[in-house]
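K.L.:
Please find the sequence and the predicted model below.
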Amino acid sequence: RWGYPRRRQDGELVSDSEGNPVAGKWEPICTPKEWYAVTALLEKNRSAGGWDGSGDGKRTPRKYLLTGLLRCGKKLEDGQTCHTKMHGAPARKTHKYRCRSVLDGGCDKLSRQGPAIDKLISELVLAKLEKRNAEREPVEEVWVDEAKSEAAQRRKTALEDQWNAEEISDSTFFSLLKKVEVEIKRLGVERKAWAARQETRKHEVTDVRAQWQDGRLDLQQKRRIIFDALEAVIVLPGVKGSHKFDPDTIIPVWKEESAS
């Protein structure tokens, strides 16, 4: 009798040295035709992040704060760590994060309550942003070369007054005018660049915590802030038999800050 191939690996059936699928020795529950039909249907509904429970294969907005960022830290029987992305799921009026099924590449052996992890990671990210903002250079209210720009404008006006009073020749006037206009233009470009930097800094030092807590940020905006700060979060199994949340079992992996 034909049995299931033992497994798929990287999307391919495990085969013997001659390229034939390795057959199982157990009683088959379906024919090869039925098996291929089912696997084709499942692959159709699979997205880059895992199985799509909606059934239409389209990516939908995440319902949970940390779905896709958490990584399973469960040690497997071979001594390796699972490291599969965890997903959110409803659980008794709240939610939990759990490792994906074996079919979806996970170990299906780790599940942790979501609210405590959400609260911890949110607080760590907000504290990190506040520390970063406190270390930033203060926003400058006056451009350092404002006096130079005003002096260049005065020189241009004085030059025009001399020309209008016929105190200098046309040749001298236009020769000097070109020089002062080049300086005015250069200073104008530098001032615009400075103003843009100041606006960026003002935006960066916005009180994100206040926006976070008063409802001005929706779930997707909060996810973007967290995902911009973290590469991943490793979730270790909790203490067996204990209902107390241990923050040491949640390990954030921060993104490296680029020098600026």
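P.N.:
Yes, it's here. Keep in mind the model is a prediction, meaning the values are calculated, not measured.
K.L.:
Just the buried positions in stretch 149-169, please.
P.N.:
Of the residues in stretch 149-169, 149, 152, 155-156, 159, 163 count as buried by neighbour count, 16 or more other C-beta atoms under 10 Å. The way it works is simple: take the backbone N, C-alpha and C, and place the C-beta from them, glycine included.
K.L.:
residue boundaries of the helices in the stretch 1-150 of the chain?
P.N.:
32-44, 114-135, 146-164 (DSSP state H, counting those that start in this stretch).
K.L.:
distance between the ends of stretch 78-89?
P.N.:
28 Å (C-alpha to C-alpha, to the nearest Å).
K.L.:
quick one: the strands in this structure?
P.N.:
Per DSSP state E, the chain carries strands over the ranges 8-9, 12-13, 46-47, 50-51, 70-72, 86-91, 94-99, 111-113, 230-235, 250-254.
K.L.:
of all those strands, which gets the most neighbours per residue?
P.N.:
Neighbour counts (mean count of other C-beta atoms under 10 Å) averaged over each of these peak at strand 70-72, with a mean of 25.
K.L.:
centre of the chain versus that one, how much separation?
P.N.:
15 Å (C-alpha atoms, centre = their mean, to the nearest Å).
K.L.:
pretty sure Arg62 contacts Lys85?
P.N.:
No: in this structure, Arg62 is not within contact of Lys85 by C-beta atoms under 8 Å, at 11.9 Å.
K.L.:
The two: who's more crowded?
P.N.:
Comparing Arg62 with Lys85 by neighbour count (other C-beta atoms under 10 Å), the higher total belongs to Lys85, at 20 against 16.
K.L.:
and the more buried one, bridged to which residues?
P.N.:
Judged by DSSP bridges, the bridge partners of Lys85 are Arg71.
K.L.:
again, but for Ile251
P.N.:
Applying DSSP bridges, one finds that Ile251 bridges with Ile234.
K.L.:
doesn't Ala158 make contact with Leu177?
P.N.:
No: applying C-beta under 8 Å, one finds Leu177 not in contact with Ala158, separated by 11.3 Å.
K.L.:
got a list of contacts for stretch 118-126?
P.N.:
The contact list for stretch 118-126 (C-beta atoms under 8 Å, 6 or more residues apart in numbering) reads 64-66, 208-209, 212, 222, 225-226, 229-230, 233, 247, 250, 252.
K.L.:
Can you tell me which of the residues you listed are classed as buried?
P.N.:
If we count by 16+ other C-beta under 10 Å, the contacts of stretch 118-126 have these buried: 64-66, 208, 212, 222, 225-226, 229-230, 233, 250, 252.
K.L.:
Contacts only, for Val208.
P.N.:
Neighbours of Val208 in contact, by C-beta under 8 Å, 6+ apart: 126, 129-130, 217, 225.
K.L.:
if we can go back for a sec, Glu190: which of the strands of the chain is closest?
P.N.:
Among these, the nearest to Glu190 by C-beta to C-beta is strand 250-254 (34.6 Å).
K.L.:
tell me the mean pLDDT for the closest one?
P.N.:
Mean pLDDT, computed over strand 250-254, is 96.
K.L.:
CA-only coordinates of that strand, as CSV, when you get a sec.
P.N.:
The C-alpha coordinates for strand 250-254 follow below in CSV (Å, rounded to 0.1, in the frame of the first residue of the first chain):
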residue,chain,number,x,y,z
ILE,A,250,11.2,38.0,27.6
ILE,A,251,14.4,39.1,25.9
PRO,A,252,14.3,42.1,23.5
VAL,A,253,16.8,42.3,20.7
TRP,A,254,17.3,46.0,19.9
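K.L.:
sorry, back to before: would you turn the buried ones among the contacts of stretch 118-126 into a markdown table with distance to Val38?
P.N.:
Below are the buried ones among the contacts of stretch 118-126 laid out as a markdown table (distance: C-beta to C-beta, whole Å):
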| residue | distance to Val38 |
| --- | --- |
| Tyr64 | 28 |
| Leu65 | 33 |
| Leu66 | 31 |
| Val208 | 47 |
| Trp212 | 44 |
| Lys222 | 38 |
| Ile225 | 40 |
| Ile226 | 37 |
| Ala229 | 41 |
| Leu230 | 37 |
| Val233 | 34 |
| Ile250 | 37 |
| Pro252 | 39 |
